[in-house]
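# Just the structure for this:
(one chain, ligands or ions: 1)
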Amino acid sequence: MQVLGIDIGGSGIKGAPVDVEKGIMLAERYRIPTPKPAKPKPVARTIAEVARYFAWDGPIGCGFPAVVQQGITRTAANVHKKWIGTNAAALIKEATGCPVRVINDADAAGLAEMTFGAGQGRMGVVLLVTIGTGLGTSLFVDGVLLPNTELGHIEIDCEDAETNASDAARKREDLSWKQWGKRFDIYLNNLEKLVWPDLIILGGGASAKHEKFMPYLTVQAEIVIAEAMNEAGIIGAALAGRPKR
Ligand code: BGC
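Got it, this is the predicted structure:
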């Protein structure tokens, strides 16, 4: 079965058709810069453009950087506030004419890693952290997802963790990998005290540079790097887009 997976991010909207049985992209991903401001309608139109590029008329799964409950986006940390309370699934369905499911972007990446990547077959508590503009989290217990955990927004020293320890913070404050790695380690240690994961999977853009910051991580949990890296968001979104029987 093929599903068009779409990863909606703050800077780009990326998509590709995915074979959801094999967990592989069937074409090179197509990327369009996210419209600014990233309000619901222009974003939905951009998604429709990605679908048109692939002449798509099947099911679509989208990963969106916010809390998503039954297709409705509930928060908007790095997107326009107009998304709060928007029925994203209905809006994108209207723009594309295709059946659409929407889930949180980190949950999408987590689904991909648990099904085909670094978390395959792993029981116990598995926590995936995506390191990018935001800090996304996805939590699994014996392979079952607890959606919308949003642990990127825990408060450490009265500050939102994401503001301080995301890849955007590293760039904004021009931190060395050592400086940032130590901050990220404080974040991971706080997470560890909250959910005691057996395994932590690190994904998102910055995970490609893992050699530069792994030496500074001191948590007890086993840490591995996401296997699908940048593709996990698209593959996982496609998994979420499978029509339910
Ligand atoms: C959002 C999350 C999202 C993460 C990664 C955070 O700012 O609150 O919903 O998963 O960024 O995009």
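# Is any residue of stretch 181-199 near the ligand?
No: applying CB under 6 Å from any ligand atom, one finds stretch 181-199 separated from the ligand by no less than 13.2 Å. Quick note: C-beta positions are derived from backbone N, CA and C, even for glycine.
# helices and strands around the helix or strand containing residue 145, which ones?
Assigned by DSSP states H and E, residue 145 falls within strand 144-146. Packing partners of strand 144-146 (3 or more CB pairs under 8 Å, 6 or more residues apart in numbering; DSSP states H and E): helix 105-116, strand 135-141.
# Go through that strand and flag the buried ones.
By neighbour count with 16 or more other CB atoms under 10 Å, strand 144-146 contains the buried residues residue 145.
# same thing with stretch 156-165?
By 16+ other CB under 10 Å, the buried positions in stretch 156-165 come out as 156, 161, 162, 163, 164, 165.
# of all those residues, which comes closest to the ligand?
residue 162 (5.4 Å; CB to the nearest ligand atom).
# So the closest one sits against residue 150, correct?
No: if you go by CB atoms under 8 Å, residue 162 and residue 150 don't touch, sitting 9.5 Å apart.
# Need the overlap of contacts for those two.
With contacts defined as CB atoms under 8 Å, 6 or more residues apart in numbering, no residue is shared by residue 162 and residue 150.
# In three-state terms, how would residue 192 be classified?
Under DSSP: H, G, I helix; E, B strand; the rest coil, the three-state class of residue 192 is helix.
# The one 5 residues further on now?
Using three-state DSSP as the criterion, the local structure at residue 197 reads coil.
# can you pull the pLDDT of the residue in the chain that the ligand sits nearest to?
Going by CB to the nearest ligand atom, the ligand is nearest to residue 134 of the chain, at 2.3 Å. pLDDT for residue 134: 94.
# Can you tell me the strand partners of the strand holding residue 145 and which way each runs?
strand 135-141 (antiparallel) (DSSP bridges).
# who touches the strand it pairs with?
65, 104-107, 109-111, 114, 119, 122, 124-130, 145-146, 149-153, 161-162, 165-166, 187, 191, 195, 197, 204.
# are any of those residues buried, and which?
65, 104-107, 109-111, 114, 119, 122, 125-130, 145, 149-152, 161-162, 165-166, 187, 191, 195, 197, 204.
# quick one: low-confidence ranges for this protein?
Along the chain, segments meeting pLDDT under 70 span 245.
# now the helices for it?
40-53, 88-96, 105-116, 161-165, 167-172, 177-195, 210-213, 232-240 (DSSP state H).
# Tell me which of those is the most buried.
helix 232-240 (a mean of 30; mean count of other CB atoms under 10 Å).
# gap between that helix and the chain center?
The chain centre lies 9 Å from the centre of helix 232-240; the measure is CA atoms, centre = their mean, to the nearest Å.
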